[in-house]
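Asker: Here you go, sequence then predicted model.
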Amino acid sequence: MIAVMLILGVLGVSVIAFTHTSEHSHLSANAGSRAYYLAESGLRYAQEIFCNEGWLHGRERTLRLQGGEQVEVVRIAQNFVATGTANPGTALQARARVQMPLSLCGVDPEAEPVDEFAIFGEIGVALGRRTVIEGDVAITEGDIDIQGDVNGSVLAEDVTMTGGGTVDGDIYSSGQVDVTRGTVTGDIHSATGIIVQSAESVVEGWLFSQGDIEVSGGGTVSGHIYSCGGDVTVRGTGNVTAVGSVAEPIEIRASGDVYLFGSALVYGDVHAGGSIYMTGSARIEGNAYAKVAIIRDGSSTITGMQYAPTNPEAPICPDLTDLDDLELPEPTEFTAGGTNISVPAGTSSSPTHYYLPPGTYGSLTLPNNSSGYTRLYLEAGAADHGNYYFTSVNFGSQTTLYLNLSGTYDIRVFVVGNVAIGSQMNVFVSLDGTTYYPMTDPNIAPEVAARVYWESHGDYNLQTNSHWFGSVYTPEGSLAVGNTSYLIGSFYSGGGHNIVGSTVVHVAPNYFKEE
């Protein structure tokens, strides 16, 4: 009987243990399912926000629910990744990670169609001081030096800012980005490296690089710093070089080492795939995570916790997908020849009104120093585009161009050779064929410039203090704009740009080749 009671007791304990294990497994499985569904809900939330507000690459958001459950969502290139956490901080904590390609709805702020740039070309460009570009700028193979202002994004090989101007958008570089003097309000994405190197250098967005990142000389970075293929260095020499702020702390994440020298100041956490090295009075106002070691020298301090060796958060790589598809449109195939057009000079008492119908001609010449009394009229087509073909175009200074857009179609001008336009060129536009307004008049919306297109297979040269209305494409030549000019349209070149102290207002053209 004693043996039977002992056996029954062992069986009872086993049943209790089995039941407890079964209940624990059930609770764990339930927590795992909740974490998975939390992550799925985060993806739906992300898609909704993306459609209504936009969601840029690298941006993270965290949703916290009652009971401490939370969902972290990040956009990485063209995907959303959500991580759901159920029962956080307990023995039954469970995490689930789910990825989903984003679905386009409306306009993706990171999807830049190739014909949506104010300036576009193959060869490097210098945008001089006092130059203002109202739109995006892209250079497919060359470099760009920004000394003026770009109220849009910049895509190029190497990008430098030396003139104290502002890029009010993002920078995408297949090479190096060097901010010596200037301000970037958006993010910087670079394939090889980023340098922010003076007290006159400010980046308000995030830094993403596949190479090294350095912030020095009193430069300021307000956003996260991610190097997914190199080291991160914050160097303070004399001036305090600060990244992040008390109100908005940031993260530094590097797949390599993190170096904080001198008076470097980091507001936020630091994650290093290698080691963290600190010298002088360098300070981390946050936690430090290093896979190898944390090495401190001098009076350097870390106000938060130190974790080494540990597995730090991995950096997010730059989004450079837009650079892969950049190329100039195919040039239009056309010929010209025939009668040369030489517009006679006008005077104050007898202005010249020269109406030129669409057609194929030889050269087109307007006299020099005509004080606005020599007026050339071009017209849109009523049954088809108003196509003009010339071997060359030469407008003298102080001439006036009248564009009659009362027709159903557009004005398109194709030039075999060079286009030379003298200083103080003025443009007037009519939508009814009777009343002409200066191109800057509020009665003429800038978008109307999409109906005027010039393609020159030589060089295009617009001299100082001039106006231009319509887009220009020089697939085989250069495109130059003199000082204090005002342009409405898009300006594409295969032979390089030279734009000095002028304003370009972007209007995307309707086409780049004959239909």
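Answerer: Noted; the coordinates are in hand. Residues are numbered from 1 along each chain as shown.
Asker: In the longest strand along the chain, which residues are buried?
Answerer: With secondary structure taken from DSSP state E, the chain has its longest strand at strand 258-272. Neighbour counts over strand 258-272 (16 or more other Cβ atoms under 10 Å) mark 258-272 as buried. (Each C-beta comes from the backbone N, C-alpha and C, glycine too.)
Asker: do stretch 149-164 as well
Answerer: For stretch 149-164, a neighbour-count test (16+ other Cβ under 10 Å) marks 149-161, 163-164 as buried.
Asker: Quick one: end-to-end distance for stretch 411-422.
Answerer: Between the opening and closing residues of stretch 411-422 lies a distance of 21 Å (Cα to Cα, to the nearest Å).
Asker: what about this protein, any weak spots by pLDDT?
Answerer: 4-29, 56, 66, 77-78, 104-115, 238-239, 512-515 (pLDDT under 70).
Asker: Break it down into its domains, please.
Answerer: The chain resolves into domains spanning 29-111, 187-321, 341-505 when parsed by automatic domain parsing.
Asker: Which one of these lies nearest to Ile2?
Answerer: Ranking those by their distance to Ile2 (criterion: Cβ to Cβ) puts domain 29-111 first, at 38.5 Å.
Asker: now that closest one: how far from the chain's centre is it?
Answerer: Here domain 29-111 is found 25 Å from its chain centre; the criterion is Cα atoms, centre = their mean, to the nearest Å.
Asker: Could you do stretch 181-199 as well?
Answerer: With Cα atoms, centre = their mean as the basis, stretch 181-199 stands 12 Å off its chain's centre.
Asker: Surely Ala290 touches Pro309?
Answerer: Yes: under the criterion of Cβ atoms under 8 Å, Ala290 is in contact with Pro309, at a separation of 6.9 Å.
Asker: so Ala290 bridges to which residues?
Answerer: Following DSSP bridges, Ala290 is listed with bridge partners Ala272.
Asker: for the nearest residue to Gly489 once chain neighbours are set aside, what are its contacts?
Answerer: In space, and not counting its chain neighbours, Gly489 is closest to Ser471: 4.0 Å by Cβ to Cβ, 6 or more residues apart in numbering. Residues in contact with Ser471 (Cβ atoms under 8 Å, 6 or more residues apart in numbering) are 449-450, 452-454, 489-492, 507, 509.
Asker: who wins for neighbours among these?
Answerer: Val452 (29 neighbours; other Cβ atoms under 10 Å).
Asker: Test my guess that that one contacts Ile488.
Answerer: No: here Val452 lies out of contact with Ile488, judged by Cβ under 8 Å, at a distance of 9.2 Å.
Asker: Compare Ala290 and Pro309 (neighbour count), which wins?
Answerer: Each of Ala290 and Pro309 has its neighbours counted (other Cβ under 10 Å); Ala290 has more, 24 against 12.
Asker: Could you check how far that one is from Leu378?
Answerer: 67 Å (Cβ to Cβ, to the nearest Å).
Asker: Same check on Ala450?
Answerer: Distance check for Ala450 against Leu378: by Cβ to Cβ, it reads 16 Å.
Asker: Helices of the stretch 401-515 of the chain, residue ranges please.
Answerer: Taking DSSP state H, counting those that start in this stretch as the criterion, the stretch 401-515 of the chain carries no helices.
Asker: Show me the strands in it, by range?
Answerer: Taking DSSP state E, counting those that start in this stretch as the test, the strands found in the stretch 401-515 of the chain are 411-415, 419-421, 426-430, 437-438, 452-456, 460-462, 467-469, 471-474, 479-481, 486-488, 491-493, 497-499, 503-505.
Asker: Looking at those, spot the one closest to Asp136.
Answerer: Of all the strands of the stretch 401-515 of the chain, strand 503-505 sits nearest to Asp136, with 10.9 Å by Cβ to Cβ.
Asker: what packs against the closest one?
Answerer: Here strand 503-505 touches strand 132-134, strand 486-488, going by 3 or more Cβ pairs under 8 Å, 6 or more residues apart in numbering; DSSP states H and E.
Asker: I'd like to know which elements the last one is packed against.
Answerer: This points to strand 486-488. So strand 486-488, by 3+ Cβ pairs under 8 Å, 6+ apart, packs with strand 467-469, strand 503-505.
Asker: What lies in contact with that strand?
Answerer: 439-440, 446, 449, 462, 466-470, 481, 502-505, 507.
Asker: What are the buried residues along stretch 337-346?
Answerer: By 16+ other Cβ under 10 Å, the buried positions in stretch 337-346 come out as 341, 343, 345-346.
Asker: What separation do you get for the residue nearest to Ala345 when sequence neighbours are not counted and Ser397?
Answerer: Spatially, and ignoring its direct neighbours in sequence, Ala345 is nearest to Pro367 (4.1 Å; Cβ to Cβ, 6+ apart). Going from Pro367 to Ser397 by Cβ to Cβ gives 9 Å.
Asker: now do Glu379
Answerer: Applying Cβ to Cβ, the value for Glu379 to Ser397 is 24 Å.
Asker: likewise Val98?
Answerer: Distance from Val98 to Ser397, by Cβ to Cβ: 65 Å.
Asker: related to what we said a few turns ago, I'd like to know which of the buried residues of stretch 149-164 are part of strands.
Answerer: Mapping the buried residues of stretch 149-164 onto strands (DSSP E) picks out 149-150, 154-156, 159-161.
Asker: closest to Phe428 among the contacts of Ser471?
Answerer: Using Cβ to Cβ, Val452 is the member of the contacts of Ser471 that lies nearest Phe428, at 12.2 Å.
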